[in-house]
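[1] Whatever this is, show me its structure:
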Amino acid sequence: TLNDDTEDVSLFDAEEETTNRPRKSKIRHPVASFFHLFFRVSAVVVYLLCEFLSSSFIACMVTIILLLSCDFWAVKNVTGRLMVGLRWWNHIDEDGKSHWVFESRKSSQENKTVSEAESRIFWLGLIACPVLWVIFAFSALFSFRIKWLAVVIMGVVLQGANLYGYIRCKVGSRKNLTSMATSYLGKQFLRQNTGDDQTS
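    Predicted coordinates:
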């Protein structure tokens, strides 16, 4: 059984990294921002230009998979924590049950440590590249480039997993989403009913 835990926690003692810095639009982690885009953009470029760069399918495939793997590790373990204060991971408890944990930096800390520019870079790269890989998947399928389909599916899975994980970190668990939707609909229903009563 899988249990989802959404926690509002301090990530890696983040409060010690920047205690009283104001929220700014400048890039505070240039190296993390660079590598957040470098691996995923490089994988896309190699995929698009592989026929011009090398005649070996194996060499291109291995290069793309290595870039995708490096991107998955960097985004999951480093750039998400530094750039937007989010982290997701999995652990096995003593009973052998798998627990997925989706963490976000406390709101009071996030206002001090998250840069607006870095946040835009993070989410733009996180969303745009999986969309490209989905387009590549349909392109490979309809053009009958079957040998490339496995590579493209690997891109969709690895980058889609990070996208899903960080969206869960951002908006909370499914239980939270359900309760938020129920609460919103309940408020709208009450507002409409009270409005109708007043008009009548």
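
[2] Okay, the most centrally placed residue in the chain and residue 84: tell me how far apart.
    A centroid search over the chain (CA atoms, centre = their mean) returns residue 163, at 3.1 Å, as the residue closest to the centre. To residue 84, residue 163 is 13 Å away according to CB to CB, to the nearest Å. All C-beta atoms are positioned from the backbone trio N, CA, C, and that covers glycine.

[3] Over to residue 106?
    13 Å.

[4] quick one, which of those two is more surrounded?
    residue 84 (23 against 16; other CB atoms under 10 Å).

[5] So residue 32 sits against residue 79, correct?
    Yes. Counting by CB atoms under 8 Å, residue 79 is a contact partner of residue 32 at 4.8 Å.

[6] higher neighbour count, these two?
    residue 79 (27 against 20).

[7] How about the more buried one: what's its closest non-neighbour residue?
    Nearest in space to residue 79, with sequence neighbours left out and distances taken as CB to CB, 6 or more residues apart in numbering, is residue 36 at 4.1 Å.

[8] what about that neighbour, neighbour count?
    So residue 36, with other CB under 10 Å, has 25 neighbours.

[9] Could you do residue 159 as well?
    27.

[10] Tell me the secondary structure at it.
    Classification of residue 159 using DSSP: H, G, I helix; E, B strand; the rest coil returns helix.

[11] same deal with residue 64?
    helix.

[12] Now for residue 74, how many residues are close by?
    Neighbours of residue 74 (other CB under 10 Å): 18.

[13] right, and the helix or strand after the least confident helix or strand in the chain by mean pLDDT?
    Using mean pLDDT, DSSP states H and E, the weakest-scoring helix or strand in the chain turns out to be helix 14-17, at a mean of 42. Per DSSP states H and E, the first helix or strand lying C-terminal to helix 14-17 is helix 30-53.

[14] ranges for the strands of the protein?
    Assigned by DSSP state E, the chain shows strands spanning 2-9, 86-92, 98-105.

[15] got the contact list for the closest residue to residue 69 other than its chain neighbours?
    Nearest residue to residue 69, sequence neighbours excluded (CB to CB, 6+ apart): residue 158, at 7.1 Å. Residues near residue 158 by CB atoms under 8 Å, 6 or more residues apart in numbering: 68-69, 71-72.

[16] now do residue 166
    Here residue 166 is in contact with 80, 84, 86, 88, 126 (CB under 8 Å, 6+ apart).

[17] Tell me how far residue 121 lies from residue 80.
    Applying CB to CB to residue 121 and residue 80 gives a distance of 12 Å.

[18] Comparing those two, which residue is more hemmed in?
    residue 80 (24 against 21).

[19] so where's the chain uncertain?
    Along the chain, segments meeting pLDDT under 70 span 1-25, 107-113, 173-189, 193-200.

[20] Return the set of buried residues in stretch 126-143.
    126, 129-130, 132-133, 136-137, 140 (16 or more other CB atoms under 10 Å).

[21] Just give me the closest of those to residue 42.
    residue 129 (10.7 Å; CB to CB).
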